[in-house]
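**Student:** what follows is a predicted structure for the sequence shown.
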Amino acid sequence: MSQNQALFERAQRSIPGGVNSPVRAFRAVGGTPRFIKRGEGAYIIDAEGKRYIDYIGSWGPMILGHGHPAVLEAVQKAALDGFSFGAPTEREIELAEEIIKLVPSIEQVRLVSSGTEATMSAIRLARGATGRSKFIKFEGCYHGHTDALLVKAGSGLATFGHPTSAGVPAEVAQHTLVLEYNNVAQLEEAFALHGKELACVIIEPIAGNMNFVRAAVPFVKRLRELCSEHGALLVFDEVMTGFRVGLASAQGHYAKLLPGFKPDVSVFGKVIGGGMPLAAFGASREIMKQLAPLGPVYQAGTLSGNPVATACGLATLREIQKPGFYEALGARTRQLVDGLAAVAMDNGVPFSVDCEGGMFGFFLMPELPQNYQTVMKTDGARFNAFFHGMLDGGVYLAPALYEAGFVSAAHSEADIQATLQAARTALR
Ligand SMILES: Cc1ncc(COP(=O)(O)O)c(C=O)c1O
């Protein structure tokens, strides 16, 4: 039995399914999850000492690669000063100031420990600020595992959602309206029916939890208009896209295409923690003043703004602001996806790709999908064979077809060439 298999068997005795987050179990693709011993730049090394080119990057945070010297130094220094105080620290202000400086839609920010906590708090804030209960989310967007967000579509626009997880009471899902991503007509209809009851609309502006699907510009434009007309807040969940698709995040990308565009509330995670448990939500001062201790919306956390996590996040945010960072990252990512598309074409495999900054998606279908239903039409068996072929070839892709991929600043030209060589073998 391999070391990975032995560890997986042992893990399953003490941890449900052997993992602390379901996708790690390789259920979608089959086979044995790799137990990772350490990371080094663009690579992760498993329990058997096998090295993989890492295109997961801890599902987004590791934009500088593993063990970046400046980040390591900041974390080591912070750890020596103490792990947690439950009292304010200067670094929390510095990180808040850094985020506010980079994201023009935000005047104030609250730090929390996970993306789930941040989106949950953003919804509560929107409900508190508007005095309304209902909200819209889109099929295929994941916003963490809060009860009211684990909801699938009801049978029509007049009916609200149903829980997708056991343990979520139907009553909790009754305020969540689930719509199709990129469907303007459905959005207009939903606002016509429920506009005055909506606290907010939450969206992944580039959805990374159904592989990689962009919100179309006319869709975002109409969404912004409808929210403003009806007094509902537009919540951009940038846990994945934040500082990943560009220094101005996805909202900066849409602001370039729709001058003046801003969401009302923004949620960040992943990159802002650089691999440590840290996330945030922010908005205008007017909205944020609703939060305790200023206002009536309660929100708190023992480890919120943790000193070691903020050191890690700050060091990461400083590195990504160096001149040329995103140009180089974007070019490397583009080289990867264009290379993969060319290999697929040589092998007669239907394939489409997209990327922005250091985030990418590829689909085993000739055209880029626009919504979840289309993504799920991907040939799963073919994807799984490709995934395992790449894994055997030393390339670690996301173990499910509905996940985005991530390139870091540590990925070199040689890493991309090695990846394409593995793809040639895997697709043959
Ligand atoms: C867009 C988005 N929102 C929220 C979350 C939840 O974040 P976390 O896993 O840190 O709770 C994720 C996690 O992948 C995400 O991708």
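**Tutor:** Cool, got the structure. Numbers count the residues shown, from 1 in each chain.
**Student:** show me the helices in the stretch 201-350 of the chain, by range?
**Tutor:** Remark: helices assigned in the stretch 201-350 of the chain by DSSP state H, counting those that start in this stretch are 217-230, 249-257, 285-288, 307-320, 325-346.
**Student:** of all those helices, which one comes closest to the ligand?
**Tutor:** helix 249-257 (10.3 Å; CB to the nearest ligand atom). Quick note: C-beta positions are derived from backbone N, CA and C, even for glycine.
**Student:** please compute how far that closest one lies from its chain's middle.
**Tutor:** In terms of CA atoms, centre = their mean, to the nearest Å, the centre of helix 249-257 is set 16 Å apart from its chain centre.
**Student:** can you name every helix or strand that it contacts?
**Tutor:** Secondary-structure packing of helix 249-257 (3 or more CB pairs under 8 Å, 6 or more residues apart in numbering; DSSP states H and E): helix 217-230, strand 233-238, strand 265-268.
**Student:** now, of the helices of the stretch 201-350 of the chain, which is deepest in the fold?
**Tutor:** helix 307-320 (a mean of 23; mean count of other CB atoms under 10 Å).
**Student:** touching the ligand at all, that helix?
**Tutor:** No - on the criterion CB under 6 Å from any ligand atom, helix 307-320 is out of touch with the ligand, staying 12.0 Å away.
**Student:** run through the residues that contact the closest residue to Met288 other than its chain neighbours.
**Tutor:** Taking CB to CB, 6 or more residues apart in numbering as the measure, Met288 lies nearest to Gln108, with 4.0 Å between them; neighbours along the chain are not counted. Each residue near Gln108 by CB atoms under 8 Å, 6 or more residues apart in numbering is listed here: 96, 100, 282-285, 288.
**Student:** among those, who's most crowded?
**Tutor:** Ala283 (28 neighbours; other CB atoms under 10 Å).
**Student:** how about the residues of this protein by the ligand?
**Tutor:** Checking the chain against the ligand by CB under 6 Å from any ligand atom, the hits are 59, 114-116, 119, 142-144, 204, 208-209, 237, 239-240, 269, 279.
**Student:** so for Pro399, which of the helices and strands packed on helix 249-257 sits nearest?
**Tutor:** Ranking the helices and strands packed on helix 249-257 by proximity to Pro399 (CB to CB) places strand 233-238 first, at 22.7 Å.
**Student:** please save the CA atoms from the closest one in PDB.
**Tutor:** Only the C-alpha atoms of strand 233-238 are listed here, as PDB (Å, rounded to 0.1, in the frame of the first residue of the first chain):
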ATOM      1  CA  LEU A 233     -27.500  46.100  -1.900                       C
ATOM      2  CA  LEU A 234     -25.200  44.500  -4.400                       C
ATOM      3  CA  VAL A 235     -22.700  42.200  -2.700                       C
ATOM      4  CA  PHE A 236     -19.600  41.200  -4.600                       C
ATOM      5  CA  ASP A 237     -18.200  38.000  -3.200                       C
ATOM      6  CA  GLU A 238     -14.600  38.400  -4.100                       C
END
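**Student:** go through stretch 258-274 and flag the buried ones.
**Tutor:** 261-274 (16 or more other CB atoms under 10 Å).
**Student:** may I have that stretch exported as PDB, CA atoms only?
**Tutor:** This file holds the C-alpha atoms of stretch 258-274, laid out as PDB (Å, rounded to 0.1, in the frame of the first residue of the first chain):
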ATOM      1  CA  LEU A 258     -18.700  50.100 -17.000                       C
ATOM      2  CA  PRO A 259     -17.400  53.500 -15.900                       C
ATOM      3  CA  GLY A 260     -18.400  54.400 -12.300                       C
ATOM      4  CA  PHE A 261     -19.400  50.800 -11.500                       C
ATOM      5  CA  LYS A 262     -19.200  49.800  -7.800                       C
ATOM      6  CA  PRO A 263     -20.700  47.100  -5.600                       C
ATOM      7  CA  ASP A 264     -22.200  48.200  -2.300                       C
ATOM      8  CA  VAL A 265     -20.600  45.500  -0.200                       C
ATOM      9  CA  SER A 266     -17.400  43.500  -1.000                       C
ATOM     10  CA  VAL A 267     -16.200  40.300   0.500                       C
ATOM     11  CA  PHE A 268     -12.600  39.200   0.500                       C
ATOM     12  CA  GLY A 269     -10.600  36.100   1.700                       C
ATOM     13  CA  LYS A 270      -7.900  33.800   0.400                       C
ATOM     14  CA  VAL A 271      -5.200  36.200  -1.100                       C
ATOM     15  CA  ILE A 272      -5.700  38.800   1.700                       C
ATOM     16  CA  GLY A 273      -4.600  36.100   4.200                       C
ATOM     17  CA  GLY A 274      -1.800  34.800   2.000                       C
END
